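In: Structure of the sequence below:
(one chain, ligands or ions: 2)
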Amino acid sequence: MLIGFVGAGRMAQALAQGFIAAGITKGEKIIASCPPQDSALLEYFGSMGCKTSYSNAEVIQRSEVVVLAVKPPIVPKVLQEVASIFTPGHLMVSIALGIPIRYLEQMLPRKTRVVRVMPNTPALVKHGASVFSCGSTIKEGDSDLVKKMLTSVGICEEVPETLIDAVTGLSGSGPAYMYIAIDALADGGVKMGLPRDLAIRLAAQTLLGAGKMVLETGRHPGALKDDVCSPAGSSIHAVQQLERHGLRTALIEAVQAAALRSEEAGLREKKS
Ligand SMILES: NC(=O)C1=CN([C@@H]2O[C@H](COP(=O)(O)OP(=O)(O)OC[C@H]3O[C@@H](n4cnc5c(N)ncnc54)[C@H](O)[C@@H]3O)[C@@H](O)[C@H]2O)C=CC1
Ligand SMILES: O=C(O)[C@@H]1CCC=N1
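Out: Residues are numbered from 1 along each chain as shown. Ligands and ions are numbered 1, 2, ... in the order given. Below you'll find the model as predicted:
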């Protein structure tokens, strides 16, 4: 399978590296493009054995699956530039923030197959969380293909497109919230006397372990929290501090803010 990335930034790199690590494709079957001023990004693709180009058109001509991996304000410009090159043989996979399938289908030739995906950067280490929604002209096998690709780099579920903004707020942007949590937990450890590198390792493994417990035991996170909090123990004292400082509300509002931003990005591009 020949995979092209239009846009060679952080999310494209994470997916490409994840796909290669997972064995879903080889470096030489990937091609990525971006403008010459960002050529350093293409060097990263080159170091993975991928082909690179400054021409988006070349990427599309040489690919079966085209991943649209540019920021939302760039999407209309890129589609105007390359729409005519798309054929029914291409599968367009857009990861662009907020951009609805309807908009992509309107901008592309009538029979272009479109899938919208919301991945996240831990795809790079095969622990991504992705969802996808299919457009109106996909053919048999497209949904399975996208699912296979994304499952190779983490978990992946098909959802109605109406849920993608909310998913963006949770798992698309979520790694950022969790890096802040790891950094802050490590600060706490350092404050209490731990060396920084040990504190970061312990904090990261604690998040990973907690996540695996939820996924692998299938138990509710509240019940797992109760298991950690012994009567009059240390954990319940810490939990009280988290509640006092509004951790739950902060996380709920973070997800909401990112979801609304995703929705807004889509509305803006539709108007342009
Ligand atoms: N970074 C993340 O965690 C995630 C990003 N996304 C979405 O993926 C898309 C890309 O995001 P990032 O990789 O983070 O951004 P980025 O800023 O790292 O990369 C954007 C890329 O687009 C390229 N570009 C700019 N103008 C171009 C043009 N005319 N033609 C071709 N390429 C052009 C840039 O050179 C760069 O390679 C965005 O829409 C973003 O919302 C989705 C999920 C997660
Ligand atoms: O901030 C962004 O635009 C992207 C979308 C999801 C995560 N990062």
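
In: going forward, measure contacts between C-alpha atoms and count neighbours the same way
Out: Will do.

In: Surely Ala199 and Ala186 touch.
Out: Yes: under the criterion of CA atoms under 8 Å, Ala199 is in contact with Ala186, at a separation of 4.7 Å.

In: Next, show the common contact partners of those two.
Out: Here Ala199 and Ala186 share no contacting residue, scored by CA atoms under 8 Å, 6 or more residues apart in numbering.

In: wait, what's in contact with Ile138?
Out: The contact partners of Ile138, by CA under 8 Å, 6+ apart, come to Thr112, Arg113, Val114, Val115.

In: and if we set it to 10 Å?
Out: Pro88, Leu91, Met92, Lys111, Thr112, Arg113, Val114, Val115 (CA atoms under 10 Å, 6 or more residues apart in numbering).

In: measure it to Lys225 for me?
Out: Relative to Lys225, Ile138 is positioned 43 Å away (criterion: CA to CA, to the nearest Å).

In: Equivalent analysis for Ile60, please.
Out: For Ile60, the distance to Lys225 (CA to CA) stands at 48 Å.

In: try Ile164
Out: Computed as CA to CA, the Ile164 to Lys225 distance reads 29 Å.

In: Which residue of those two possesses the greater neighbour count?
Out: Between Ile164 and Lys225, counting by other CA atoms under 10 Å, Ile164 is the more crowded of the two (26 against 14).

In: nearest residue to that one other than its sequence neighbours?
Out: The shortest distance from Ile164 to any residue that is not its chain neighbour, by CA to CA, 6 or more residues apart in numbering, is 6.9 Å, and that residue is Met118.

In: my guess is that neighbour contacts Ser171, does it?
Out: Yes: the pair Met118 and Ser171 passes the contact test of CA atoms under 10 Å, sitting 8.4 Å apart.
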